[in-house]
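Asks: From the sequence below, what's the structure:
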Amino acid sequence: MATDIRTIGVIGAGQMGNGIAHVMALADYDVLLTDVSQDALDNAIELIKGNLARQASRGKISDEAMEKALSRIKTTLALPELGQTDLVIEAATERESVKQAIFEDLLPHLKPETILTSNTSSISITRLASRTDRPERFMGFHFMNPVPVMQLVELIRGIATDEETFAACKAVVDRLGKTAASAEDFPAFIVNRILMPMINEAVYTLYEGVGSVQSIDQSMKLGANHPMGPLELADFIGLDTCLAIMNVLHDGLADTKYRPCPLLTKYVEAGWLGRKTQRGFYDYRGEVPVPTR
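Replies: I've put the predicted structure just below:
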């Protein structure tokens with residue numbers, strides 16, 4: 001079955017979706033990318049062009065590979081057109097109701113053999129799969145951000161996912177030159193089960209006045225050898241995404257240690273979501289990011 005996957009449908013042209021389209025096209029898959037607006041699709045293609053050009057300028061890929069990859073990516077505003085692809089990867093916003101609505105709209109148009117996956121970073125795969133007509137051919141396909149750079153892909157089986165589906169998705173990861181980690185279907189899986197509570201604790205450390213934004217990030221970079229401080233990383237991920245994952249952990253595991261920090265909630269309520277809105281724990285509107293607290 002793995003050799004039957006030739007076409008990839010990607011739902012969502014944002015930070016994750018355009019990165020997934022990028023790496024799939026470089027691996028010789030034909031990609032159909034969709035979003036709800038033409039502007040989002042146009043912006044995604046420009047980002048992909050820029051990222052591919054950067055890779056080519058650094059000698060990581062050839063100019064020929066760059067041009068071929070770009071030619072393999074098509075866009076559409078019509079979600080049903082993805083029904084004829086062999087593998088669909090949903091990479092919409094981290095809200096379960098949004099994902100379920102997308103699947104309900106797409107299901108009538110899917111080929112019987114199409115594998116349906118979600119790039120969710122925290123939501124139950126079993127629950128998402130149960131709302132489809134193919135729980136055996138549904139699984140979690142969680143890329144790390146930024147997709148072209150990060151080597152890991154979490155593959156998450158739902159309770160009904162069959163072995164053929166897992167093997168097919170694992171073969172795709174191998175073809176991308178990335179490494180697959182098999183995770184059980186528990187809230188936030190492996191990476192975010194560990195990473196998000198650390199980020200949340202960093203926000204509590206700021207909230208309680210233990211340290212400033214700069215001192216917290218500097219301490220973790222120089223004291224724990226992290227390449228990026230936890231608050232800087234939260235801004236990069238998106239504070240709304242961090243909050244959504246913490247809520248999934250808190251609700252799903254019923255443990256107070258996963259309670260989102262009130263300061264994180266306040267930033268999200270203010271619309272200060274990090275880099276994508278130009279303000280989060282840092283203000284990115286000037287030449288150099290400045291801590292906002």
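Asks: can you count the residues close to the residue lying closest to A160 once chain neighbours are set aside?
Replies: Take A160 and drop its neighbours on the chain: the residue closest to it by Cβ to Cβ, 6 or more residues apart in numbering is P135, 3.8 Å away. Just so you know, the C-beta spots here come from the backbone N, C-alpha and C atoms, and that holds for glycine as well. Look at P135: counted by other Cβ atoms under 10 Å, it has 20 neighbours.
Asks: Could you do T241 as well?
Replies: Neighbours around T241, by other Cβ under 10 Å: 23.
Asks: which residues touch L264?
Replies: 200, 203, 234, 239, 242-243, 246 (Cβ atoms under 8 Å, 6 or more residues apart in numbering).
Asks: residue contacts, the residue nearest to A160?
Replies: P135 is in contact with 126, 129, 158-161, counting by Cβ under 8 Å, 6+ apart.
Asks: ok, and for the longest helix seen in the chain, which residues are buried?
Replies: Scanning the chain for the helix with the most residues, using DSSP state H, yields helix 38-57. Neighbour counts over helix 38-57 (16 or more other Cβ atoms under 10 Å) mark 40-41, 44-45, 47-48, 51-52, 55-56 as buried.
Asks: Sketch out the helices for this structure, chain order is fine.
Replies: Taking DSSP H as the criterion, the chain carries its helices at 15-26, 38-57, 63-72, 96-106, 125-130, 163-176, 191-207, 213-223, 230-237, 239-253, 262-269.
Asks: For M144, find the nearest of those helices.
Replies: helix 191-207 (6.9 Å; Cβ to Cβ).
Asks: So which residues make contact with the closest one?
Replies: 121-122, 142, 144, 152, 154, 186-188, 211-213, 216, 220, 229-231, 233-234, 237, 242, 245-246, 249, 257-258, 260-264, 281, 293.
Asks: Go again with 6 Å.
Replies: Applying Cβ atoms under 6 Å, 6 or more residues apart in numbering, the external contacts of helix 191-207 come out as 121-122, 211, 216, 230-231, 234, 242, 245-246, 261, 263-264.
Asks: Kindly reformat the residues you listed as JSON lines containing pLDDT and distance to F103.
Replies: Converted to JSON lines, the contacts of helix 191-207 look like this (pLDDT from 0 to 100; distance: Cβ to Cβ, whole Å):
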{"residue": "S121", "pLDDT": "92", "distance to F103": "17"}
{"residue": "S122", "pLDDT": "92", "distance to F103": "17"}
{"residue": "G211", "pLDDT": "97", "distance to F103": "43"}
{"residue": "I216", "pLDDT": "98", "distance to F103": "39"}
{"residue": "P230", "pLDDT": "98", "distance to F103": "33"}
{"residue": "L231", "pLDDT": "98", "distance to F103": "34"}
{"residue": "A234", "pLDDT": "98", "distance to F103": "29"}
{"residue": "C242", "pLDDT": "96", "distance to F103": "24"}
{"residue": "I245", "pLDDT": "95", "distance to F103": "20"}
{"residue": "M246", "pLDDT": "97", "distance to F103": "24"}
{"residue": "C261", "pLDDT": "98", "distance to F103": "32"}
{"residue": "L263", "pLDDT": "98", "distance to F103": "34"}
{"residue": "L264", "pLDDT": "98", "distance to F103": "29"}
